[in-house]
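Q: got a predicted structure plus its sequence, pasted below:
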Amino acid sequence: MKGIIFDLGGVVVEWSNAITYMYIEDNHGIPADEFKREAEKWMPSVQTGEESEENWMIKTFGLFGDPPECSEEVWGKTFEAARYNDEVLALIGGLRRGGYRVGALSNLEPSRARWLKRHDIDTLFDVVVFSCEVGLRKPDLSPGGPGDQGIYRLTLRRLGLAAEDCIFIDDNRNCVAAAESIGLESILFKDVTQLEMELRRWGVEAGA
């Protein structure tokens, strides 16, 4: 193996949409589960840049009454409690020192991408691919579909590696399955101890 590709949310970064929905319930009086149901209908379009985050929030709030002032800022406000998983970051650093090419691949809204850039994401990986910047997202499970697993292929091209030389890590089974469909070995992430054990099965160990 020559390369390792990491999903971000739930693996490298600890943040949760549930926090956002509870923030909206507490501050705007809209039940979290109802706002979530409506917001997530359009989330894929926001994560590929087809729709702006501002329009997305205004449109979703509008289903429940008059949108609040600066409703486009609501989504990003809830990332203040986000943080990196230090154990995973230490592993990533060790992998890079060990000579592996390491990439980040994530479905993101623009506000999350901005948060990551402010928090030095580009210094932590050799390659960073955000869905909102490239117009593709994971997974695309339909052969010959709109993306044809295009975001995985794009990440591999930027790493300069073939699928059979890389391992993909995600906490979403569907994203793992899509990666495997183009020849990537994959790990369904649970915690860093399990991840290190799985990596060792392919002879992958972090450098000192």
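A: Done, it's in. If you're wondering where the values come from, they're calculated on a predicted model, not measured in any experiment.

Q: give me the helices and strands touching the helix or strand of the chain with the lowest mean pLDDT, please.
A: None of the helices or strands of the chain scores lower by mean pLDDT, DSSP states H and E than helix 74-77, at a mean of 81. Helix 74-77 is packed against helix 17-28, helix 53-62, helix 110-118, with contacts defined by 3 or more C-beta pairs under 8 Å, 6 or more residues apart in numbering; DSSP states H and E. All C-beta atoms are positioned from the backbone trio N, CA, C, and that covers glycine.

Q: could you dump those helices into a markdown table with mean pLDDT, distance to residue 138 and mean neighbour count added?
A: Formatted as a markdown table, the helices and strands packed on helix 74-77 follow (pLDDT from 0 to 100; distance: least, C-beta to C-beta, whole Å; neighbours: other C-beta atoms under 10 Å):
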| stretch | mean pLDDT | distance to residue 138 | mean neighbour count |
| --- | --- | --- | --- |
| helix 17-28 | 89 | 17 | 16 |
| helix 53-62 | 93 | 19 | 18 |
| helix 110-118 | 92 | 15 | 18 |
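
Q: shaky segments in this structure?
A: 141-148, 208 (pLDDT under 70).

Q: per-domain residue ranges of it.
A: 3-14+82-201, 17-80 (automatic domain parsing).

Q: now the least confident helix or strand of the chain: buried residues?
A: 74-76 (16 or more other C-beta atoms under 10 Å).

Q: could you tell me which helix of this structure is the longest one?
A: Counting by DSSP state H, the longest helix found in the chain is helix 32-47.

Q: distance of residue 157 relative to residue 151?
A: According to C-beta to C-beta, to the nearest Å, residue 157 stands 11 Å off from residue 151.

Q: those two: who's more crowded?
A: Using other C-beta atoms under 10 Å as the criterion, residue 157 and residue 151 rank with residue 151 on top: 26 against 11.

Q: so that one is in contact with residue 105, correct?
A: Yes: using C-beta atoms under 8 Å, residue 151 is in contact with residue 105, at 6.6 Å.

Q: intersection of neighbour lists for these two?
A: Contact criterion C-beta atoms under 8 Å, 6 or more residues apart in numbering; residues shared by residue 151 and residue 105: 129, 138.

Q: just the strands in the chain please.
A: For the chain, applying DSSP state E gives strands covering 3-6, 13-14, 83-84, 101-106, 127-130, 166-170, 185-188.

Q: can you list these in a markdown table and add mean neighbour count and distance to residue 56?
A: A markdown table is the format used below for these (neighbours: other C-beta atoms under 10 Å; distance: least, C-beta to C-beta, whole Å):
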| stretch | mean neighbour count | distance to residue 56 |
| --- | --- | --- |
| strand 3-6 | 26 | 26 |
| strand 13-14 | 19 | 21 |
| strand 83-84 | 14 | 25 |
| strand 101-106 | 24 | 18 |
| strand 127-130 | 22 | 16 |
| strand 166-170 | 24 | 24 |
| strand 185-188 | 19 | 29 |
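
Q: can you put these in JSON lines and add distance to residue 58?
A: Below are these laid out as JSON lines (distance: least, C-beta to C-beta, whole Å):
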{"stretch": "strand 3-6", "distance to residue 58": "33"}
{"stretch": "strand 13-14", "distance to residue 58": "26"}
{"stretch": "strand 83-84", "distance to residue 58": "29"}
{"stretch": "strand 101-106", "distance to residue 58": "25"}
{"stretch": "strand 127-130", "distance to residue 58": "23"}
{"stretch": "strand 166-170", "distance to residue 58": "31"}
{"stretch": "strand 185-188", "distance to residue 58": "36"}
